[in-house]
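K.L.:
Here is my input; please provide its structure:
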Amino acid sequence: MDIVWSRKLRRFAVSDVLAVLEKRREVAYTTVMTTVARLHDKGLLTRERDGKRYLYAPCGDREEFLRPPPARSSRASASTGGGVPGPPRGDRVVGRHLAARRARAADPAAPQGTRLVNEAIFPLLGPLLVVAVALPASALAAKAVLFALSRLEPRTGLPQQSALRYALIVASSAVPLAWFLSAGLHQAESGERLIICAARGAGGVNLEAIGFSMVLSALIVGLALPILLRERGRPRAAAPSADSALQLRRIDELLAGRPALHALRGMVAVDDACATPIATAGVVAPRVLLRTSFARALDDEALCAALHHELEHLRGQDPLRYFLVRWALAVNPLGRVLLRDELARWVLARELHCDRAAVVCGASAPALAQALVSAARPPPREPQPALGAAHADAIRLRVGLLLAYADRRPHATAQPWSLRPAVAFLGFVLVLVLPHHASTLPLDTIHRLSERAVARLAGH
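P.N.:
Down below sits the predicted model:
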């Protein structure tokens with residue numbers, strides 16, 4: 001609107017505004033088109049068709065927009081045919097949206113409170129709509145793609161370890177949230193990057209978009225914080241008992257005598273009250289945690305095999321992977337339901353991979369099967385299996401494969417340098433940059449849904 005008013009454009013097309021903006025910065029045509037269409041919907045612009053395009057015209061000048069509403073008199077109220085006063089004459093010139101806005105602002109009952117409520121609708125309701133609408137839609141799309149992938153997998157009965165499966169599960173939440181945060185920051189910038197900022201006032205800064213980004217960020221952090229605290233709380237242990245200290249010295253001696261396990265030195269902790277018999281925990285500083293009774297029940301060969309298995313989890317950065325996927329499902333309630341089975345398949349594939357890699361690195365396959373069965377039978381007071389042994393079918397599958405490895409030891413396969421991390425990083429950067437160079441239509445849709453939802457509630 002600042003361009004329209006300052007250049008006194010009486011009839012203009014979207015391309016005319018785009019030509020002015022392109023002199024200042026790169027901007028997408030769809031962004032300008034969406035904004036101009038939204039200004040028309042708000043009543044700030046009129047339009048008429050000119051061939052295959054629309055020509056727009058302002059409903060009033062800057063002075064009419066900024067002019068405070070005139071005081072209402074009893075005669076003006078009476079002329080409307082009741083106690084509800086009609087809009088001032090200037091409002092009819094400016095448009096439907098400004099007329100409603102000024103009428104609300106001039107309400108003597110609660111002028112300030114009404115304005116504050118209207119400004120708070122989108123920042124408060126918008127993030128909830130993102131979680132309730134956008135994230136479930138993304139989860140449904142990810143589920144459809146994963147279902148198609150499952151139909152393409154060979155009918156061997158073994159779930160393949162698929163980096164694409166994991167990427168889709170995490171991206172079903174991470175991509176929409178990153179896009180909406182970037183789009184909110186885009187709309188919070190100066191009027192040069194979003195025309196509607198000038199119409200909203202506030203010195204060229206879109207306070208609604210800033211509030212939306214802040215509330216959405218707080219919602220993301222709030223949903224992820226319990227997971228992070230739970231991960232950080234696992235490595236903490238009480239003062240070691242004499243038995244746990246004895247088992248820790250035993251493990252240190254085993255690690256020192258086996259070069260393949262040297263990477264675990266200083267990263268193993270033994271505790272009487274460990275939540276699981278054995279687990280790898282910690283996002284920032286991963287560690288292998290063992291329950292004292294579990295370590296005491298295993299012989300040296302089985303204990304080393306179990307440590308080999310956990311070392312493969314550390315090498316694969318699985319604590320970080322598990323944290324990201326748990327966060328992705330925590331912020332997406334419907335996705336948690338839709339993608340639970342897909343996550344279980346990926347986890348089983350990871351466990352099968354770690355079993356095979358442990359045997360390749362020197363672990364005894366029968367000893368690892370013994371440790372797996374022992375970890376799957378925890379004490380009755382804490383029925384929580386470890387070593388990835390969560391279901392009987394998974395245990396049977398893994399034990400059968402390990403016994404097969406005992407007859408025919410698997411060979412190490414060369415691991416070619418993968419471009420997947422670089423591709424994932426570039427894709428995430430693209431998601432963050434895209435709203436600044438393309439349309440922010442999904443965010444505008446969330447904005448409209450917020451306003452319509454509140455308008456309907458207010459109507460009731």
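K.L.:
Low-confidence bits of the protein, can you list those?
P.N.:
Applying pLDDT under 70 to the chain picks out residues 65-119, 153-161, 187-207, 227-228, 230-239, 377-391, 413-420, 436-439, 458-460.
K.L.:
show me where it has strands.
P.N.:
45-50, 53-58, 268-271, 278-281, 287-291 (DSSP state E).
K.L.:
Of all those, which one is nearest A209?
P.N.:
strand 45-50 (20.7 Å; CB to CB). Where you see a C-beta, it was placed from the backbone N, CA and C, and this is true even at glycine.
K.L.:
which helices and strands does that closest one pack with?
P.N.:
Here strand 45-50 is seen to pack against helix 29-41, strand 53-58 when contacts are counted using 3 or more CB pairs under 8 Å, 6 or more residues apart in numbering; DSSP states H and E.
K.L.:
any chance of the strands of the chain in JSON lines, with distance to D243 and mean neighbour count too?
P.N.:
Shown next, in JSON lines, are the strands of the chain (distance: least, CB to CB, whole Å; neighbours: other CB atoms under 10 Å):
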{"stretch": "strand 45-50", "distance to D243": "78", "mean neighbour count": "13"}
{"stretch": "strand 53-58", "distance to D243": "80", "mean neighbour count": "17"}
{"stretch": "strand 268-271", "distance to D243": "9", "mean neighbour count": "22"}
{"stretch": "strand 278-281", "distance to D243": "16", "mean neighbour count": "22"}
{"stretch": "strand 287-291", "distance to D243": "11", "mean neighbour count": "23"}
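K.L.:
Out of the ones you listed, which gets nearest to A328?
P.N.:
strand 278-281 (18.7 Å).
K.L.:
measure S217 to G126 for me?
P.N.:
12 Å (CB to CB, to the nearest Å).
K.L.:
Make JSON lines from the strands of the chain and add distance to V221 to it.
P.N.:
As requested, those are exported to JSON lines (distance: least, CB to CB, whole Å):
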{"stretch": "strand 45-50", "distance to V221": "39"}
{"stretch": "strand 53-58", "distance to V221": "41"}
{"stretch": "strand 268-271", "distance to V221": "28"}
{"stretch": "strand 278-281", "distance to V221": "21"}
{"stretch": "strand 287-291", "distance to V221": "25"}
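K.L.:
So for L329, which of those strands sits nearest?
P.N.:
Among those, the nearest to L329 by CB to CB is strand 278-281 (18.3 Å).
K.L.:
of all the strands of the chain, which lies closest to A344?
P.N.:
strand 278-281 (17.3 Å).
K.L.:
Give the partner strands of that closest one in its sheet and their orientations.
P.N.:
Strand 278-281 pairs in its sheet with strand 287-291 (antiparallel), by DSSP bridges.
K.L.:
starting at the chain centroid, how far to the partner strand?
P.N.:
Distance of strand 287-291 from the chain centroid (CA atoms, centre = their mean, to the nearest Å) equals 30 Å.
K.L.:
Which residues does that strand contact?
P.N.:
Strand 287-291 has contacts (CB atoms under 8 Å, 6 or more residues apart in numbering) with 234-235, 237, 247, 251, 264, 267-274, 276-281, 307, 310-311, 314.
K.L.:
Let's see that with 6 Å instead.
P.N.:
With contacts defined as CB atoms under 6 Å, 6 or more residues apart in numbering, strand 287-291 is touched by P235, M267, V268, A269, V270, C274, P277, I278, A279, T280, A281, E310.
K.L.:
now do stretch 447-460
P.N.:
Identification of contacts with stretch 447-460 by CB under 6 Å, 6+ apart yields I121, F122, L125, G126, L129.
K.L.:
wait, which of the helices and strands packed on strand 45-50 is closest to L430?
P.N.:
Ranking the helices and strands packed on strand 45-50 by proximity to L430 (CB to CB) places helix 29-41 first, at 16.4 Å.
K.L.:
helices and strands around the closest one, which ones?
P.N.:
Contacts defined by 3 or more CB pairs under 6 Å, 6 or more residues apart in numbering; DSSP states H and E place helix 29-41 against helix 14-21.
K.L.:
can you do 10 Å?
P.N.:
Taking 3 or more CB pairs under 10 Å, 6 or more residues apart in numbering; DSSP states H and E as contact, the helices and strands that helix 29-41 lies on are helix 2-6, helix 14-21, strand 45-50, strand 53-58, helix 96-105, helix 196-200, helix 420-437, helix 441-459.
K.L.:
Comparing those, which comes out most buried?
P.N.:
Most buried of the helices and strands packed on helix 29-41, by mean neighbour count (mean count of other CB atoms under 10 Å): helix 196-200, with a mean of 21.
K.L.:
so what's L334 up against?
P.N.:
Residues near L334 by CB atoms under 10 Å, 6 or more residues apart in numbering: V131, A132, V133, L135, P136, A137, S138, A139, L140, K143, S172.
K.L.:
Generate a PyMOL selection restricted to the buried subset of those.
P.N.:
Buried subset of these, written as a PyMOL selection, criterion 16 or more other CB atoms under 10 Å:
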select buried, resi 131+133+135+136+138+139+143+172
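K.L.:
Could you list which of the contacts of L334 belong to helices?
P.N.:
Judged by DSSP state H, the subset of these located in helices is L135, P136, A137, S138, A139, L140, K143, S172.
K.L.:
farthest pair in those?
P.N.:
Using CB to CB, the two most remote members of the ones in helices among the contacts of L334 are L135 and K143, lying 12.5 Å apart.
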